[in-house]
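J.: need a structure here:
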Amino acid sequence: MNAATKVKLSVMMFLEFFIWGAWFVTLGTYLDKTLHANGAQSGSVFSTQSWGAIIAPFIIGLIADKYFNAEKILGVLHIIGAVLMYKLYTAPDVSVFYPYVLGYMVIYMPTLALVNSVSFNQMVDPEKEFSSIRVWGTIGWIVAGLAISYLFHWDSADGVNQGFLKNTFLMAGIASVILGLFSFTLPATPPKKVTGEKVSVSQLLGFEAFKLLKDKNFAVFFVASILICIPLAFYYQNANSFLTDIKVDNPTGKMTIGQASEVLFLLCLPIFFKKFGFKWTILVGMLAWAVRYSFFAFGNSGNLSFLLILGIALHGVCYDFFFVSGQIYTDSKAGERYKSAAQGMITLATYGVGMLIGFKIAGIISDTYNTSAGHDWKMIWLIPAGIAAVVMVLFLLLFRDKNNTTSPGLDLDNSKDVRLEV
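T.: Got it, this is the predicted structure:
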(Lines give C-alpha, C1' and ligand atoms only; values in the text may rest on other atoms or scores of the structure.)
Protein backbone atom coordinates (compact mmCIF):
# COMPACT_ATOMS: atom_id res chain seq x y z
CA MET A 1 0.00 0.00 0.00
CA ASN A 2 1.42 3.38 -0.96
CA ALA A 3 1.71 6.20 1.58
CA ALA A 4 -1.06 8.34 0.06
CA THR A 5 -3.57 5.49 0.23
CA LYS A 6 -2.57 4.69 3.80
CA VAL A 7 -3.12 8.33 4.81
CA LYS A 8 -6.56 8.38 3.15
CA LEU A 9 -7.66 5.19 4.86
CA SER A 10 -6.37 6.46 8.22
CA VAL A 11 -8.30 9.73 7.83
CA MET A 12 -11.40 7.73 6.88
CA MET A 13 -11.12 5.61 10.05
CA PHE A 14 -10.43 8.64 12.21
CA LEU A 15 -13.55 10.45 11.00
CA GLU A 16 -15.73 7.30 11.09
CA PHE A 17 -15.21 6.81 14.81
CA PHE A 18 -14.86 10.50 15.66
CA ILE A 19 -18.44 10.86 14.45
CA TRP A 20 -19.70 8.04 16.66
CA GLY A 21 -17.72 9.14 19.72
CA ALA A 22 -18.78 12.77 19.24
CA TRP A 23 -22.38 12.17 20.33
CA PHE A 24 -22.94 8.60 21.51
CA VAL A 25 -20.87 8.75 24.70
CA THR A 26 -22.81 11.74 26.08
CA LEU A 27 -26.19 10.58 24.74
CA GLY A 28 -27.41 9.23 28.10
CA THR A 29 -26.64 12.51 29.83
CA TYR A 30 -28.28 14.51 27.03
CA LEU A 31 -31.45 12.43 27.17
CA ASP A 32 -31.63 12.74 30.95
CA LYS A 33 -30.65 16.36 31.54
CA THR A 34 -31.73 18.10 28.32
CA LEU A 35 -34.65 16.11 26.92
CA HIS A 36 -35.74 14.87 30.39
CA ALA A 37 -36.27 11.31 29.17
CA ASN A 38 -37.05 8.53 31.62
CA GLY A 39 -35.17 5.23 31.74
CA ALA A 40 -37.53 3.41 29.39
CA GLN A 41 -37.32 6.19 26.81
CA SER A 42 -33.52 6.25 27.05
CA GLY A 43 -33.47 2.47 26.62
CA SER A 44 -35.55 2.78 23.46
CA VAL A 45 -33.22 5.43 22.05
CA PHE A 46 -30.10 3.37 22.79
CA SER A 47 -31.72 0.25 21.32
CA THR A 48 -31.68 1.95 17.91
CA GLN A 49 -28.01 0.90 17.77
CA SER A 50 -29.16 -2.72 18.02
CA TRP A 51 -31.78 -2.29 15.31
CA GLY A 52 -29.10 -0.74 13.13
CA ALA A 53 -26.81 -3.72 13.78
CA ILE A 54 -29.61 -6.14 12.90
CA ILE A 55 -30.51 -4.35 9.65
CA ALA A 56 -26.91 -3.59 8.59
CA PRO A 57 -26.08 -7.06 7.17
CA PHE A 58 -29.09 -6.84 4.86
CA ILE A 59 -27.92 -3.48 3.51
CA ILE A 60 -24.37 -4.72 2.99
CA GLY A 61 -25.28 -8.18 1.77
CA LEU A 62 -28.13 -7.23 -0.56
CA ILE A 63 -27.02 -3.80 -1.80
CA ALA A 64 -23.38 -2.87 -1.20
CA ASP A 65 -21.82 -6.23 -2.05
CA LYS A 66 -23.90 -6.60 -5.19
CA TYR A 67 -24.61 -3.30 -6.91
CA PHE A 68 -22.50 -0.26 -5.92
CA ASN A 69 -18.95 0.71 -5.00
CA ALA A 70 -18.45 0.62 -1.24
CA GLU A 71 -16.79 4.06 -1.06
CA LYS A 72 -19.70 5.69 -2.91
CA ILE A 73 -22.30 4.13 -0.62
CA LEU A 74 -20.16 5.24 2.33
CA GLY A 75 -20.21 8.83 1.03
CA VAL A 76 -23.96 8.90 0.44
CA LEU A 77 -24.78 7.38 3.83
CA HIS A 78 -22.64 9.89 5.71
CA ILE A 79 -24.12 12.85 3.86
CA ILE A 80 -27.61 11.61 4.73
CA GLY A 81 -26.33 11.06 8.26
CA ALA A 82 -25.25 14.70 8.48
CA VAL A 83 -28.81 15.81 7.69
CA LEU A 84 -30.19 13.49 10.39
CA MET A 85 -27.61 14.79 12.87
CA TYR A 86 -28.91 18.31 12.29
CA LYS A 87 -32.43 17.04 12.92
CA LEU A 88 -31.23 15.54 16.22
CA TYR A 89 -29.60 18.88 17.07
CA THR A 90 -32.93 20.68 16.64
CA ALA A 91 -35.24 18.00 18.15
CA PRO A 92 -37.19 19.53 21.09
CA ASP A 93 -38.18 16.30 22.85
CA VAL A 94 -37.75 12.53 22.84
CA SER A 95 -40.79 11.88 20.65
CA VAL A 96 -39.25 13.95 17.85
CA PHE A 97 -35.71 12.75 18.61
CA TYR A 98 -36.44 9.01 18.42
CA PRO A 99 -37.37 8.54 14.73
CA TYR A 100 -34.35 10.57 13.62
CA VAL A 101 -31.90 8.61 15.79
CA LEU A 102 -33.45 5.34 14.57
CA GLY A 103 -32.99 6.45 10.97
CA TYR A 104 -29.44 7.53 11.71
CA MET A 105 -28.43 4.24 13.29
CA VAL A 106 -29.91 2.25 10.43
CA ILE A 107 -27.64 4.07 8.00
CA TYR A 108 -24.59 4.46 10.27
CA MET A 109 -24.12 0.85 11.38
CA PRO A 110 -23.54 -0.40 7.80
CA THR A 111 -20.73 2.15 7.41
CA LEU A 112 -18.71 0.23 10.02
CA ALA A 113 -18.51 -2.69 7.58
CA LEU A 114 -18.01 -0.40 4.58
CA VAL A 115 -14.88 1.28 5.96
CA ASN A 116 -13.44 -2.20 6.58
CA SER A 117 -14.29 -3.26 3.02
CA VAL A 118 -12.61 -0.18 1.55
CA SER A 119 -9.53 -0.81 3.70
CA PHE A 120 -9.19 -4.53 3.01
CA ASN A 121 -9.57 -3.95 -0.73
CA GLN A 122 -6.32 -1.95 -0.73
CA MET A 123 -4.27 -4.36 1.38
CA VAL A 124 -1.94 -7.09 0.24
CA ASP A 125 -1.61 -8.52 3.77
CA PRO A 126 -4.60 -7.31 5.83
CA GLU A 127 -3.53 -9.26 8.93
CA LYS A 128 -0.41 -7.11 9.21
CA GLU A 129 -1.67 -3.86 7.69
CA PHE A 130 -5.18 -3.45 9.09
CA SER A 131 -4.35 -2.72 12.75
CA SER A 132 -2.22 0.31 11.84
CA ILE A 133 -5.21 1.72 9.93
CA ARG A 134 -7.95 0.73 12.40
CA VAL A 135 -6.15 2.23 15.39
CA TRP A 136 -6.88 5.69 13.93
CA GLY A 137 -10.56 4.96 14.55
CA THR A 138 -9.85 4.51 18.25
CA ILE A 139 -7.82 7.73 18.20
CA GLY A 140 -10.76 9.51 16.54
CA TRP A 141 -13.12 8.35 19.31
CA ILE A 142 -10.63 9.54 21.96
CA VAL A 143 -10.14 12.95 20.32
CA ALA A 144 -13.92 13.48 20.20
CA GLY A 145 -14.21 12.78 23.93
CA LEU A 146 -11.27 15.00 24.83
CA ALA A 147 -12.70 17.84 22.72
CA ILE A 148 -16.08 17.63 24.46
CA SER A 149 -14.52 17.76 27.94
CA TYR A 150 -11.34 19.79 27.67
CA LEU A 151 -11.79 22.00 24.61
CA PHE A 152 -15.48 22.91 24.59
CA HIS A 153 -16.45 21.93 28.18
CA TRP A 154 -19.91 20.90 26.99
CA ASP A 155 -20.17 18.18 29.62
CA SER A 156 -19.25 20.44 32.57
CA ALA A 157 -21.96 21.17 35.13
CA ASP A 158 -22.62 24.59 33.59
CA GLY A 159 -22.47 23.20 30.07
CA VAL A 160 -25.00 20.48 30.81
CA ASN A 161 -27.33 22.88 32.63
CA GLN A 162 -27.21 25.30 29.69
CA GLY A 163 -27.92 22.58 27.17
CA PHE A 164 -24.54 22.74 25.44
CA LEU A 165 -24.50 18.96 24.89
CA LYS A 166 -26.78 19.47 21.90
CA ASN A 167 -23.68 20.83 20.14
CA THR A 168 -22.27 17.29 20.04
CA PHE A 169 -24.78 16.48 17.28
CA LEU A 170 -23.71 19.55 15.34
CA MET A 171 -20.06 18.54 15.66
CA ALA A 172 -20.86 14.99 14.54
CA GLY A 173 -22.90 16.34 11.62
CA ILE A 174 -20.06 18.55 10.39
CA ALA A 175 -17.63 15.62 10.59
CA SER A 176 -20.18 13.46 8.75
CA VAL A 177 -20.37 15.94 5.86
CA ILE A 178 -16.58 16.01 5.67
CA LEU A 179 -16.33 12.20 5.61
CA GLY A 180 -19.20 11.96 3.15
CA LEU A 181 -17.45 14.21 0.64
CA PHE A 182 -14.02 12.72 1.41
CA SER A 183 -15.34 9.22 0.72
CA PHE A 184 -15.68 9.98 -3.00
CA THR A 185 -11.88 10.47 -3.12
CA LEU A 186 -11.17 7.05 -1.61
CA PRO A 187 -9.81 4.17 -3.71
CA ALA A 188 -12.47 2.41 -5.78
CA THR A 189 -14.00 -0.63 -4.09
CA PRO A 190 -16.31 -2.23 -6.66
CA PRO A 191 -19.03 -4.75 -5.73
CA LYS A 192 -18.20 -8.42 -5.68
CA LYS A 193 -19.06 -10.30 -8.85
CA VAL A 194 -20.80 -13.57 -8.18
CA THR A 195 -20.04 -16.12 -10.88
CA GLY A 196 -20.43 -19.84 -11.20
CA GLU A 197 -22.72 -21.54 -8.70
CA LYS A 198 -25.94 -19.90 -7.67
CA VAL A 199 -26.03 -18.35 -4.21
CA SER A 200 -29.13 -19.05 -2.14
CA VAL A 201 -30.85 -16.42 -0.04
CA SER A 202 -29.77 -18.18 3.17
CA GLN A 203 -26.14 -18.14 1.99
CA LEU A 204 -26.36 -14.47 1.03
CA LEU A 205 -27.74 -13.53 4.44
CA GLY A 206 -25.29 -15.77 6.29
CA PHE A 207 -27.90 -18.06 7.82
CA GLU A 208 -25.79 -21.15 7.11
CA ALA A 209 -23.40 -20.07 9.87
CA PHE A 210 -26.05 -21.09 12.40
CA LYS A 211 -24.99 -24.69 11.71
CA LEU A 212 -22.13 -23.95 14.13
CA LEU A 213 -24.66 -24.08 16.97
CA LYS A 214 -24.71 -27.88 16.62
CA ASP A 215 -21.41 -27.76 18.50
CA LYS A 216 -22.41 -27.67 22.20
CA ASN A 217 -19.42 -25.56 23.24
CA PHE A 218 -20.07 -23.02 20.52
CA ALA A 219 -23.76 -22.92 21.46
CA VAL A 220 -22.78 -22.16 25.08
CA PHE A 221 -20.46 -19.40 23.88
CA PHE A 222 -23.18 -18.01 21.58
CA VAL A 223 -25.74 -17.78 24.40
CA ALA A 224 -23.12 -16.33 26.76
CA SER A 225 -22.33 -13.66 24.15
CA ILE A 226 -25.96 -12.57 24.15
CA LEU A 227 -26.24 -12.58 27.95
CA ILE A 228 -22.98 -10.69 28.63
CA CYS A 229 -24.21 -7.87 26.40
CA ILE A 230 -26.96 -7.15 28.92
CA PRO A 231 -24.47 -5.64 31.42
CA LEU A 232 -22.58 -4.04 28.51
CA ALA A 233 -25.72 -2.06 27.64
CA PHE A 234 -25.74 -0.59 31.16
CA TYR A 235 -22.31 0.95 30.49
CA TYR A 236 -23.27 2.56 27.19
CA GLN A 237 -26.58 3.84 28.51
CA ASN A 238 -25.64 4.97 32.02
CA ALA A 239 -21.90 5.55 32.43
CA ASN A 240 -21.67 9.16 31.23
CA SER A 241 -24.93 10.13 32.92
CA PHE A 242 -23.71 8.50 36.16
CA LEU A 243 -20.35 10.33 36.13
CA THR A 244 -22.08 13.61 35.36
CA ASP A 245 -24.70 13.08 38.06
CA ILE A 246 -22.14 12.47 40.81
CA LYS A 247 -20.19 15.58 39.72
CA VAL A 248 -17.07 13.99 38.21
CA ASP A 249 -15.07 16.64 36.35
CA ASN A 250 -14.72 16.22 32.57
CA PRO A 251 -16.52 12.85 32.49
CA THR A 252 -16.40 12.38 28.72
CA GLY A 253 -12.67 13.03 28.61
CA LYS A 254 -12.08 10.58 31.46
CA MET A 255 -14.11 7.92 29.66
CA THR A 256 -11.55 7.95 26.81
CA ILE A 257 -9.29 6.04 29.22
CA GLY A 258 -11.45 3.06 28.27
CA GLN A 259 -10.52 3.33 24.59
CA ALA A 260 -6.83 3.78 25.42
CA SER A 261 -6.96 0.61 27.54
CA GLU A 262 -8.43 -1.29 24.57
CA VAL A 263 -5.21 -0.72 22.66
CA LEU A 264 -3.05 -1.73 25.63
CA PHE A 265 -4.90 -4.94 26.49
CA LEU A 266 -5.16 -5.91 22.84
CA LEU A 267 -1.37 -6.24 22.88
CA CYS A 268 -1.62 -8.51 25.94
CA LEU A 269 -4.40 -10.67 24.55
CA PRO A 270 -2.41 -13.02 22.25
CA ILE A 271 0.01 -13.85 25.08
CA PHE A 272 -2.78 -14.52 27.59
CA PHE A 273 -4.83 -16.40 24.98
CA LYS A 274 -1.98 -18.71 24.09
CA LYS A 275 -0.92 -19.40 27.67
CA PHE A 276 -4.34 -19.93 29.27
CA GLY A 277 -6.61 -20.79 26.35
CA PHE A 278 -9.97 -19.46 25.22
CA LYS A 279 -12.06 -20.51 28.21
CA TRP A 280 -9.99 -18.75 30.85
CA THR A 281 -9.41 -15.71 28.66
CA ILE A 282 -13.13 -15.19 28.18
CA LEU A 283 -13.80 -15.86 31.87
CA VAL A 284 -11.38 -13.07 32.79
CA GLY A 285 -13.33 -10.78 30.45
CA MET A 286 -16.60 -11.70 32.17
CA LEU A 287 -15.06 -11.22 35.62
CA ALA A 288 -13.87 -7.77 34.57
CA TRP A 289 -17.48 -6.73 33.85
CA ALA A 290 -18.54 -7.75 37.37
CA VAL A 291 -15.55 -6.03 38.98
CA ARG A 292 -15.88 -2.76 37.03
CA TYR A 293 -19.55 -2.37 37.91
CA SER A 294 -18.75 -3.09 41.56
CA PHE A 295 -16.17 -0.30 41.37
CA PHE A 296 -18.84 2.00 39.94
CA ALA A 297 -21.28 0.99 42.69
CA PHE A 298 -18.91 1.87 45.53
CA GLY A 299 -16.85 4.64 43.94
CA ASN A 300 -17.51 8.37 44.22
CA SER A 301 -16.16 11.69 42.98
CA GLY A 302 -14.22 12.22 46.22
CA ASN A 303 -11.81 9.93 48.06
CA LEU A 304 -12.96 6.83 46.13
CA SER A 305 -12.73 8.40 42.68
CA PHE A 306 -9.85 6.03 41.90
CA LEU A 307 -12.41 3.20 41.79
CA LEU A 308 -14.23 4.99 38.97
CA ILE A 309 -11.00 5.43 37.01
CA LEU A 310 -10.12 1.76 37.51
CA GLY A 311 -13.62 0.79 36.38
CA ILE A 312 -13.25 2.84 33.21
CA ALA A 313 -9.75 1.46 32.58
CA LEU A 314 -11.09 -2.11 32.81
CA HIS A 315 -12.96 -1.48 29.55
CA GLY A 316 -9.98 -2.88 27.65
CA VAL A 317 -10.14 -6.18 29.55
CA CYS A 318 -13.94 -6.31 29.32
CA TYR A 319 -14.00 -5.75 25.58
CA ASP A 320 -10.80 -7.37 24.32
CA PHE A 321 -10.79 -10.47 26.51
CA PHE A 322 -14.41 -11.28 25.72
CA PHE A 323 -15.31 -9.83 22.32
CA VAL A 324 -11.98 -10.04 20.49
CA SER A 325 -11.16 -13.48 21.88
CA GLY A 326 -14.71 -14.47 20.91
CA GLN A 327 -14.02 -13.33 17.35
CA ILE A 328 -10.87 -15.46 17.32
CA TYR A 329 -12.74 -18.49 18.67
CA THR A 330 -15.53 -18.02 16.12
CA ASP A 331 -13.00 -17.73 13.30
CA SER A 332 -11.32 -20.97 14.38
CA LYS A 333 -14.63 -22.85 14.47
CA ALA A 334 -16.14 -21.50 11.27
CA GLY A 335 -13.78 -22.81 8.60
CA GLU A 336 -13.10 -21.03 5.33
CA ARG A 337 -16.64 -21.25 3.97
CA TYR A 338 -18.41 -19.61 6.90
CA LYS A 339 -15.82 -17.17 8.26
CA SER A 340 -17.58 -13.93 7.28
CA ALA A 341 -21.06 -15.28 7.95
CA ALA A 342 -20.01 -16.55 11.39
CA GLN A 343 -18.58 -13.17 12.38
CA GLY A 344 -21.80 -11.55 11.20
CA MET A 345 -23.80 -14.02 13.28
CA ILE A 346 -21.84 -13.13 16.44
CA THR A 347 -22.27 -9.41 15.72
CA LEU A 348 -26.00 -9.99 15.33
CA ALA A 349 -26.06 -11.89 18.64
CA THR A 350 -24.11 -9.26 20.58
CA TYR A 351 -24.75 -5.77 19.22
CA GLY A 352 -28.12 -6.87 17.88
CA VAL A 353 -30.08 -9.24 20.13
CA GLY A 354 -27.97 -9.03 23.31
CA MET A 355 -27.80 -5.27 23.55
CA LEU A 356 -31.41 -4.88 22.45
CA ILE A 357 -32.40 -6.89 25.52
CA GLY A 358 -29.78 -5.10 27.61
CA PHE A 359 -30.97 -1.57 26.79
CA LYS A 360 -34.54 -2.59 27.63
CA ILE A 361 -33.50 -4.00 31.01
CA ALA A 362 -31.18 -1.06 31.74
CA GLY A 363 -34.06 1.34 31.12
CA ILE A 364 -36.36 -0.57 33.48
CA ILE A 365 -33.71 -0.75 36.22
CA SER A 366 -32.92 2.96 35.86
CA ASP A 367 -36.60 3.84 36.31
CA THR A 368 -37.02 1.43 39.21
CA TYR A 369 -34.16 3.01 41.16
CA ASN A 370 -34.92 6.63 40.34
CA THR A 371 -36.81 8.68 42.93
CA SER A 372 -37.32 12.35 43.69
CA ALA A 373 -33.99 12.20 45.52
CA GLY A 374 -32.22 11.04 42.36
CA HIS A 375 -30.83 7.77 41.03
CA ASP A 376 -29.74 5.00 43.36
CA TRP A 377 -26.58 4.40 41.35
CA LYS A 378 -25.27 1.76 43.74
CA MET A 379 -28.15 -0.60 42.92
CA ILE A 380 -28.17 0.37 39.24
CA TRP A 381 -24.55 -0.86 38.99
CA LEU A 382 -24.75 -3.84 41.34
CA ILE A 383 -27.49 -5.46 39.23
CA PRO A 384 -25.39 -5.70 36.00
CA ALA A 385 -22.42 -6.76 38.15
CA GLY A 386 -24.55 -9.64 39.40
CA ILE A 387 -25.71 -10.52 35.89
CA ALA A 388 -22.10 -10.65 34.66
CA ALA A 389 -21.12 -12.84 37.62
CA VAL A 390 -23.97 -15.29 36.94
CA VAL A 391 -23.06 -15.51 33.23
CA MET A 392 -19.43 -16.15 34.22
CA VAL A 393 -20.39 -19.03 36.54
CA LEU A 394 -22.69 -20.60 33.95
CA PHE A 395 -19.98 -20.40 31.29
CA LEU A 396 -17.44 -21.90 33.71
CA LEU A 397 -19.72 -24.86 34.40
CA LEU A 398 -21.11 -25.51 30.91
CA PHE A 399 -18.21 -24.79 28.54
CA ARG A 400 -15.85 -27.73 28.15
CA ASP A 401 -12.33 -26.84 27.04
CA LYS A 402 -10.59 -30.19 27.47
CA ASN A 403 -7.12 -29.10 26.43
CA ASN A 404 -7.43 -25.57 27.85
CA THR A 405 -6.20 -24.29 24.51
CA THR A 406 -7.64 -22.81 21.39
CA SER A 407 -9.41 -24.98 18.88
CA PRO A 408 -7.41 -27.27 16.59
CA GLY A 409 -5.92 -25.49 13.65
CA LEU A 410 -5.70 -22.08 15.32
CA ASP A 411 -2.07 -21.03 15.69
CA LEU A 412 -1.67 -17.66 17.36
CA ASP A 413 1.95 -17.52 16.30
CA ASN A 414 0.82 -17.41 12.70
CA SER A 415 -0.57 -13.97 11.94
CA LYS A 416 -2.36 -15.30 8.88
CA ASP A 417 -4.74 -17.29 11.09
CA VAL A 418 -5.94 -14.48 13.30
CA ARG A 419 -6.95 -10.86 12.75
CA LEU A 420 -7.01 -8.78 15.91
CA GLU A 421 -9.01 -5.60 15.44
CA VAL A 422 -8.48 -2.71 17.88
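J.: gap between Glu71 and Ala113?
T.: Per CB to CB, to the nearest Å, Glu71 is found 13 Å from Ala113. The way it works is simple: take the backbone N, C-alpha and C, and place the C-beta from them, glycine included.
J.: Kindly report the same for Phe296.
T.: Applying CB to CB, the value for Phe296 to Ala113 is 32 Å.
J.: For these two, indicate the residue with more neighbours.
T.: More neighbours surround Phe296 than the other of Phe296 and Ala113, with 27 against 21 (other CB atoms under 10 Å).
J.: which ones are touching the residue nearest the centre of the chain?
T.: With distances taken as CA atoms, centre = their mean, Tyr351 lies nearest the centre of the chain, 7.2 Å away. The neighbours of Tyr351, taking CB atoms under 8 Å, 6 or more residues apart in numbering as the test, are Gln49, Ser50, Ala53, Cys229.
J.: Narrow those residues to those in helices?
T.: Using DSSP state H to define helices, the subset of the contacts of Tyr351 located there is Gln49, Ser50, Ala53, Cys229.
J.: Nearest to Gly344, out of the residues you listed: which one, please.
T.: Ala53 (10.0 Å; CB to CB).
J.: Quick check, that closest one in contact with Val353.
T.: No: no contact is recorded between Ala53 and Val353 when judged using CB atoms under 8 Å, the distance being 9.1 Å.
J.: State the phi and psi torsions of the nearest residue to Asn167 once chain neighbours are set aside.
T.: On the basis of CB to CB, 6 or more residues apart in numbering, the spatially nearest residue to Asn167 that is not a chain neighbour turns out to be Trp154, at 5.7 Å. Trp154 adopts backbone torsions of phi -70, psi -30, taken as degrees, to the nearest 10.
J.: how long is stretch 309-320 end to end?
T.: Taking CA to CA, to the nearest Å, the first and last residues of stretch 309-320 lie 18 Å apart.
J.: Tell me the buried residues in that stretch?
T.: Residues of stretch 309-320 classed as buried under the neighbour-count rule (16 or more other CB atoms under 10 Å) are Gly311, Ile312, Ala313, Leu314, His315, Gly316, Val317, Cys318, Tyr319, Asp320.
J.: out of these, who's nearest Thr5?
T.: Asp320 (28.0 Å).
J.: what's the distance between that closest one and Ala260?
T.: Separation of Asp320 from Ala260 (CB to CB) stands at 12 Å.
J.: Val391 now?
T.: 26 Å.
J.: The two - which one has more neighbours?
T.: Between Val391 and Ala260, counting by other CB under 10 Å, Val391 is the more crowded of the two (22 against 17).
J.: what's that one in contact with, if anything?
T.: Under the criterion of CB under 8 Å, 6+ apart, the contact partners of Val391 comprise Ala224, Leu227, Ile228, Met286.
J.: rerun that using 10 Å as the cut-off
T.: Taking CB atoms under 10 Å, 6 or more residues apart in numbering as the criterion, Val391 is in contact with Val223, Ala224, Ser225, Ile226, Leu227, Ile228, Cys229, Ile230, Pro231, Met286, Trp289, Ala290.
J.: nearest spatial neighbour of the second one, skipping sequence neighbours?
T.: Distance criterion CB to CB, 6+ apart; nearest residue to Ala224, sequence neighbours excluded, is Phe395 at 4.8 Å.
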